[in-house]
Each structure stands twice: as C-alpha cells, then as structure tokens.
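Undergrad: Turn this into a structure:
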Amino acid sequence: MNFADIIGNTEVKEYLLKTIETDNILHSYLFLGTSGIGKKIIAKEFAKKILCTENKDNCTCKSCTCFESGNHTDFTVINEVGENIKIDEIRKITEKVIEKPIISSKKVYIINDCEKMTREAQNCLLKTLEEPPEFIVIILISSNENLILNTIKSRCMKVQFKNISEEYLKKYAIENLEYDSISENILKTCSGSISKLIELKDNKDKYLNIDNLVQNLEKKDMIDIILEGKILYDKDNIFEILDYLIVCLYSKTKENAKYIFCIEEVNKAKNNLRGNANFDMTLDTMLFKMWEDVNENCYRN
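TA: Model prediction:
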C-alpha cells in the first residue's frame, strides 16, 4: 500500500513524505486525532518508507519485502489491538533500542493508543525519548492527548490528523462496504472515522430502522412506537445505539425544537442504565416519554 491509497489526511501524508525526501526524519512523533481515521495505517506506511533501503514506490528491496511479510527485524508495533500498556512492555523497548538495526539504517517503534500507558510506563519511555540512539524513530499514536504526560508530548513532533470528510466516508461506504446508499445520520455518527463506518456495516439495517422510528414519532400511536422501539433492545450495543438515536433526534430538532426533550429522555436512560436500572423498563419509559414529548406538548420547568 502507498500513501496515495489511504483515504484522507493529504497534508499529513505530504508532510511525512517530505521528511523522508529531505532526510529530515525526527526521533519521535506523536500522531493525534479521532480514533479510526487512519493514524495507525499511515504510521505503518511511514515506517515502511523510513526503513526502505531504495526509497521508491512499489519497492521490492529486502526491507520492504520483510515489512510486507510481517518479519522485519527493525520494526515493532506495541499494543496493536489497543489494550492497556504496562511498564514491562516499555522496558522491553528501552532494552532493545540500543541494539543496532539489522536490515535498514534505522529502527522504528510504533506505540498504538499510547495514552493507555500507565504513568510508570510513560516515565520509563521518557528516558529513551530524552536520549534516543541516532538510528531510532518512535511513533506514538493517540486519540486522547490529555492522558499523556506533558514531558512526553514536549519531546515529540505533534502531527494532527483531521477527521475523514463525510463525502469521503460516503464514497468509501458505497465502493467498499456494499452500501447502496447511506443516511446522513450514519455519516454523522461515524464522526469522520473509517473504522466506525466499518463497524456499523453489519448493523446498517438496524440503524435504518432507528431512523424510521424517529421519523414515525409524530405519525404513529404510542403502542406502535413501543413495538417498533424493540429494535433498540440490544444489551451488548445499547450505548452505541442510544448515541445513534441522539444523532437522529438532533437532526429532527432542526424541524421542531421539541425533539430536544426526547434527547433529554435518551440521556436519562443512558444514566439509568449505567446505574444498573432494569433494562426493559428503562427503555420502555424512555420510548413512552419520547412519544409523549412529541405528541402531547409536554413542557418542563
């Protein structure tokens, strides 16, 4: 894969390519932005180009061949799947960084979701960031820089990623995810994230039904709404579903401000569920109140 094949963040890709072309590669980078917008895939492509021994597209040098096969001795990804990172994992890095590269002229470490490092792990990494070997490049990836120590951030070049535009998301959904069409509400709930769009693919019919539920609040009687609302009763994904319901309701506020009251009911339901309230009763009450707010002009103090 080349940078050109990766959707979005053209300015970031151009900046990273220029650092390679001008041989101005720094020792540490901090890739920041919303989860699922391509930070990790761009970090990997950047690492591949840093390690390449011939510096050309579609390269088949030993480094690129090893990289593509997942057997590059000078490349390491920490926390590939986004779990908590303990100090022992960072200690392994600090012990290995002093070893010279074998295939390439540099060694690259990617630490995914680096905000999940414990405070002790961050302090351990700090020592390497302060005095890195000349052949080391460390790329930190985060969707929440507030959880990263300022001393870590101050020693990295920050690279800010932008959310993928809804236009690109729509194009990707139709060309790659077998969507015939895609609603504006689904695009909004993705918040510029390709990975979120992919996650929603298997439940796209459910989300379409939630769209219809909101559209029918003013058109159908309460019993019908309660019955249609059974689409929401999914304990494993309830908070994602309720978040999407809020997106749909917010879109309706542009037509009628009373839908704001419905959003309040959904937020109450979320809080009650977090407090271990009865699941079915909480959603039944929420649906009843939503219908009441829209159809009976109930106002609150």
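Undergrad: pLDDT below threshold where in the stretch 151-300 of the chain?
TA: 297-300 (pLDDT under 70).
Undergrad: Next, the buried residues of stretch 170-184.
TA: 170, 172-173, 177, 179, 182-183 (16 or more other Cβ atoms under 10 Å). Every C-beta, even on glycine, is put in place using the N, C-alpha and C of the backbone.
Undergrad: mind listing the helices for the stretch 151-300 of the chain?
TA: 166-176, 184-189, 194-201, 204-216, 222-228, 238-253, 259-274, 279-295 (DSSP state H, counting those that start in this stretch).
Undergrad: so what's the closest residue to residue 129 other than its chain neighbours up against?
TA: Leaving aside its chain neighbours, residue 129 sits nearest to residue 155 (4.3 Å; criterion: Cβ to Cβ, 6 or more residues apart in numbering). Remark: with contacts taken as Cβ atoms under 8 Å, 6 or more residues apart in numbering, residue 155 is in contact with 28, 126, 129-130.
Undergrad: would you list those residues in CSV and tack on secondary structure and neighbour count?
TA: Converted to CSV, the contacts of residue 155 look like this (DSSP: H, G, I helix; E, B strand; the rest coil; neighbours: other Cβ atoms under 10 Å):
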residue, secondary structure, neighbour count
28, strand, 19
126, helix, 16
129, helix, 18
130, helix, 10
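Undergrad: now stretch 137-152: how far from the chain's centre is it?
TA: Its chain's C-alpha centre and that of stretch 137-152 lie 15 Å apart, by Cα atoms, centre = their mean, to the nearest Å.
Undergrad: what comes up buried for it?
TA: Per 16+ other Cβ under 10 Å, stretch 137-152 contains these buried residues: 137-143, 145, 148, 152.
Undergrad: hey, C-alpha coordinates of it in CSV?
TA: The C-alpha coordinates for stretch 137-152 follow below in CSV (Å, rounded to 0.1, in the frame of the first residue of the first chain):
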residue,chain,number,x,y,z
VAL,A,137,12.3,6.5,15.4
ILE,A,138,9.4,6.2,17.8
ILE,A,139,5.9,6.9,16.6
LEU,A,140,3.2,7.4,19.3
ILE,A,141,-0.4,7.2,18.3
SER,A,142,-3.2,8.7,20.5
SER,A,143,-6.8,9.7,20.4
ASN,A,144,-6.6,11.4,23.8
GLU,A,145,-3.5,13.5,24.4
ASN,A,146,-4.9,14.7,27.7
LEU,A,147,-3.8,11.3,29.2
ILE,A,148,-0.2,11.7,28.0
LEU,A,149,2.4,13.3,30.3
ASN,A,150,3.5,16.8,29.2
THR,A,151,7.1,15.7,29.4
ILE,A,152,6.3,13.0,26.7
